[in-house]
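> Just a sequence and a predicted model for now, questions to come.
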Amino acid sequence: MIAKEIIKEVSSHLEEILSLRRKKTQKQDGSFVTEGDIKCQEIILDLLDKKFGDMSLEVISEEIDSEHFSYDPTKNYIVLDPIDGTENFCTGLKEWGISLSTYLEDKHYESAILLPELNENLKTGDSLKYFQSRIVGLSSNLTKTQIDKQDQYEEYRIMGCCVYNMLNVIKGSYKSFRNLNGAYSWDVLAGFNLALEHGLKVEVDGKNYEGQFLYPNKKYSFSIQR
């Protein structure tokens, strides 16, 4: 499986990736990218080329321009976020992760979430023993007005990393996770498909999500709940 090999390869280079977390630049949208993001992507792309070159995977990534992307259902795609939660990563927090989702000829093949510094991962086919929780995970891009409108009787967490939150709701450490303002496909595709595999309800832009490919050049609002 592609995911298993990527998890193994990234884990073996973790110290190198961590050594680059302080070397950051600011992108046009105001967010940061670090040399660790770029190194992580290079490691994954190199692995794909060496071990899975015969699959002709087209890579869609946060760090690759997708402005002119055109979807072809006969092609194979891997949707990748080399480091989700870069703000956490570059400030020394351990709640950051890697997300990848593979589609072969318009069908979901496998997905994985990796939290390298926390030594956690989940990939297609893995089993879990679920927790029971009353915690609601919220995205860190909420405005103060949106936060003030939340139910005061709920127990909330805002952690600054989409894939960390998604893994928590899949494990049952949260009862739900929602993002009202939206996230890109590289942030969410792996989490959506893993959530479906583990029996959770996923809504995207107000409609039930059923595992389909999502285009990279738009944001999707969503909720995941047990």
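Noted; the coordinates are in hand. Please read all numbers here as calculations on a predicted model, not as lab measurements.

> going forward, measure contacts between C-alpha atoms and count neighbours the same way
Noted.

> Helix, strand, or coil at the closest residue to K27 other than its chain neighbours?
Of all residues not flanking K27 in the chain, V33 sits nearest, at 6.9 Å (Cα to Cα, 6 or more residues apart in numbering). Per DSSP: H, G, I helix; E, B strand; the rest coil, the local secondary structure of V33 is strand.

> Distance check, V33 against E117.
According to Cα to Cα, to the nearest Å, V33 stands 18 Å off from E117.

> next one: I170
On the measure of Cα to Cα, I170 and E117 end up 19 Å apart.

> and if you look at G211?
28 Å.

> Now V59, what are its backbone angles?
Phi and psi for V59, reported as degrees, to the nearest 10, are phi -90, psi 130.

> before we move on, what about F192?
Phi and psi for F192, reported as degrees, to the nearest 10, are phi -60, psi -50.

> how many neighbours does the spatially closest residue to it that is not a sequence neighbour have?
Sequence neighbours aside, V202 is the residue nearest to F192 in space, at 6.6 Å (criterion: Cα to Cα, 6+ apart). Other residues near V202 number 24, with proximity taken as other Cα atoms under 10 Å.

> Confirm that V202 sits in a strand.
Yes - looking at V202 with three-state DSSP, it is inside a strand.

> just checking, it touches L189?
No - V202 is not in contact with L189 according to Cα atoms under 8 Å; the separation is 11.0 Å.

> Distance from the chain centre to stretch 118-127, please.
Here stretch 118-127 is found 13 Å from its chain centre; the criterion is Cα atoms, centre = their mean, to the nearest Å.

> What residues sit buried inside that stretch?
121-124 (16 or more other Cα atoms under 10 Å).

> Where do the helices of this structure begin and end?
Along the chain, the stretches classed as helices by DSSP state H are 2-12, 14-18, 35-51, 86-90, 144-148, 162-171, 185-197.

> could those helices be laid out in a markdown table, adding mean neighbour count, distance to F222 and mean pLDDT?
Listed next are the helices of the chain as a markdown table, based on neighbours: other Cα atoms under 10 Å; distance: least, Cα to Cα, whole Å; pLDDT from 0 to 100:
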| stretch | mean neighbour count | distance to F222 | mean pLDDT |
| --- | --- | --- | --- |
| helix 2-12 | 17 | 24 | 97 |
| helix 14-18 | 15 | 30 | 98 |
| helix 35-51 | 17 | 25 | 97 |
| helix 86-90 | 22 | 21 | 94 |
| helix 144-148 | 10 | 15 | 66 |
| helix 162-171 | 26 | 11 | 97 |
| helix 185-197 | 25 | 9 | 98 |
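
> All set, thanks.
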